[in-house]
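Engineer: everything below, folded, please.
(one chain, ligands or ions: 1)
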Amino acid sequence: MGVQNNQPNTLWWQSGVIYQIYPRSFQDNNGDGIGDLRGIITRLDYLQWLGIRAIWISPIYPSPMADFGYDIADYTNIHSMFGTMDDFDELVREIHARNMKLILDLVPNHTSDQHPWFLESKSSRNNPRRDWYIWRDARPDGGVPNNWLAAFGGSAWQWDETTQQYYYHAFLKEQPDLNWRNPAVRQAMLDTMRFWLEKGVDGFRVDVMWHMIKDEKLRDNPVNTAYQHHMATYDQLLPVYSTDQPEVHDIVREMRALLDRYTERMLIGEIYLPIHKLVTYYGKDNQGAHLPFNFQLLTLPWNARVIASAVSEYEGALPSQGWPNWVLSNHDQPRIASRVGAHQARVAATLLLTLRGTPTVYYGDEIGMRDVPIPFHEIQDPQGLNMPDKNLSRDPSRTPMQWNNSEQGGFTAGKPWLRLDRNFYQVNVQAQKDDAYSMLQLYRKLIRLREEYIALVAGNYMPVYADHQMMAYIRAAEGAPRLLIVLNFSHRPCYFKSLAEPLKGTILVSTSPELEGTTVEGTTSLSGDEAIVVRLDA
Ligand code: NOJ
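Structural biologist: Take a look at the predicted model:
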């Protein structure tokens, strides 16, 4: 059984749909081939039409772009490539005028190596900011301080000639990790958050939240015996001492306490951990992150039985006040349409938008965008460039949004920083807007349904059935119509028959729109790749 949650008065981040914008690729307004804030402003009406409640924008701060903005050189400014602070203020106003919310990406684990804090820190061993980063002597033989590896390849330690010490970086050497054991660092980052909260920002998505603090003794990580050659070199070790330390929860609590001083602000944590560890990020007494990102749909095999049991496990593991959430794609992972195929991506959309909890939609997934082959010599992503033999480039899922069938899909008047999918002539917003059979219409209908049916937002999750082909569940809130969702995870037709009680109702939304409005009773047959949302008779 699902966790009880009859909560009619839900907050915006519970009832609404979050939409992730990768700003380089959403809309270019000044013709330089890179998306910008004014571009986003011009597309807000579209997002409102779609029914989006909150927008999360990947980093827009000044940055040398070694990791496309996840290497921040100034936490309280806007990169000129994306616009000005005035543009940002206007963006906030325009978003709020449409009754939408803005979530910024906060990257507190590391800065750019060009950040003034780091430039000071590396200037001498006696600099007051020396301890803002993690510096260690070489071993007596000159070797690195411990065996920790960087997520983007190689050792996590970089030698500094000037001061004759190593510094730690969990990602690129251009992204030195801050020392969160230093109270001044904590204060500086909270000040940063306050700056944006005062500007009206409604929440933060905290980058690599589980990385923020490391083992005090910097002990060696153990070997991962399950490592296989195709994996990133980082996976050779288990990051037992470099991530997910008990003290991280104190930091998250401090961030949350700051947010709680403002009205209805929220905190998302980017966390790749097994469920039992992930849920600890809700914090003791629910004083941690509002939404520790749940990436199960991103990482698990696309199989009805596997997904059904993962949903139940998650429902069962959530703390009593913990609000669930679901993610299908993001800027670090292959897109859902490329992982499961175009047809199953429609089933996945139905799952995402009917499970209990807040859905996050990655830009372009709503029109079925897929990963785009980027020729080898055009690779931009450092993860792809550093491990060229492993197919780890994230460029394919970061390509420009496909708005219409004009030159460059309406994304830019210039040369796009990454090539578009050649299918943009057909697969684009304009073409799908009035097509009842399109992915875009499916997304819009499902989002609408969440507004119309309280059961989809505040109702319980009740698993009904799962086998190797399909999954079925009911969403039910007291005194409101119950909804039955049946998803065929396979390309073959299948039958659904409720074993527990006879289910009778009307199809509200389906991946096959011609079924909408038809009734369902007894044994229902589904085509391959079909999903239905049924309003049950009382
Ligand atoms: C997670 C971000 O989502 C990813 O894009 C980035 O490369 C790393 N953190 C490092 O900041």
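Engineer: what parts of the stretch 101-250 of the chain come near the ligand?
Structural biologist: By the rule CB under 6 Å from any ligand atom, the part of the stretch 101-250 of the chain lying against the ligand is 107, 171, 207-208. For glycine as for every other residue, the C-beta is placed from the backbone atoms N, C-alpha and C.
Engineer: distance to residue 327 added to the residues you listed, as JSON lines?
Structural biologist: Below are those laid out as JSON lines (distance: CB to CB, whole Å):
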{"residue": "107", "distance to residue 327": "18"}
{"residue": "171", "distance to residue 327": "21"}
{"residue": "207", "distance to residue 327": "15"}
{"residue": "208", "distance to residue 327": "15"}
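Engineer: and those, which of them are buried?
Structural biologist: For these, a burial check counting by 16 or more other CB atoms under 10 Å picks out 107, 171, 207-208.
Engineer: returning to what we had before: which one of the residues of the stretch 101-250 of the chain next to the ligand is nearest to residue 423?
Structural biologist: Nearest to residue 423 out of those is residue 207 (CB to CB; 31.2 Å).
Engineer: just give me the neighbour total for whichever residue of the stretch 51-200 of the chain sits closest to the ligand.
Structural biologist: Nearest to the ligand, among the residues of the stretch 51-200 of the chain, is residue 70, at 3.4 Å (CB to the nearest ligand atom). By other CB atoms under 10 Å, the residues close to residue 70 number 24.
Engineer: can you confirm it is in a helix?
Structural biologist: No: applying DSSP: H, G, I helix; E, B strand; the rest coil, one finds residue 70 to be coil, outside a helix.
Engineer: flag every residue of this structure that's near the ligand.
Structural biologist: Within the chain, the positions adjacent to the ligand are 67, 70, 107, 171, 207-208, 270, 331-332 by CB under 6 Å from any ligand atom.
Engineer: quick one: the strands in the stretch 201-350 of the chain?
Structural biologist: 203-206, 266-269, 291-292, 325-327 (DSSP state E, counting those that start in this stretch).
Engineer: Throw the ones you listed into JSON lines and include mean pLDDT and mean neighbour count, thanks.
Structural biologist: JSON lines is the format used below for those (pLDDT from 0 to 100; neighbours: other CB atoms under 10 Å):
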{"stretch": "strand 203-206", "mean pLDDT": "98", "mean neighbour count": "26"}
{"stretch": "strand 266-269", "mean pLDDT": "98", "mean neighbour count": "25"}
{"stretch": "strand 291-292", "mean pLDDT": "98", "mean neighbour count": "26"}
{"stretch": "strand 325-327", "mean pLDDT": "98", "mean neighbour count": "23"}
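Engineer: need these in a markdown table (columns: distance to residue 34).
Structural biologist: Shown next, in a markdown table, are the strands of the stretch 201-350 of the chain (distance: least, CB to CB, whole Å):
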| stretch | distance to residue 34 |
| --- | --- |
| strand 203-206 | 21 |
| strand 266-269 | 25 |
| strand 291-292 | 29 |
| strand 325-327 | 25 |
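Engineer: a markdown table for the buried ones among the residues of the stretch 101-250 of the chain next to the ligand, including pLDDT?
Structural biologist: What follows is those, written out as a markdown table (pLDDT from 0 to 100):
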| residue | pLDDT |
| --- | --- |
| 107 | 98 |
| 171 | 98 |
| 207 | 98 |
| 208 | 98 |
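Engineer: just tell me which of the strands of the stretch 201-350 of the chain ends up closest to residue 380.
Structural biologist: strand 203-206 (22.1 Å).
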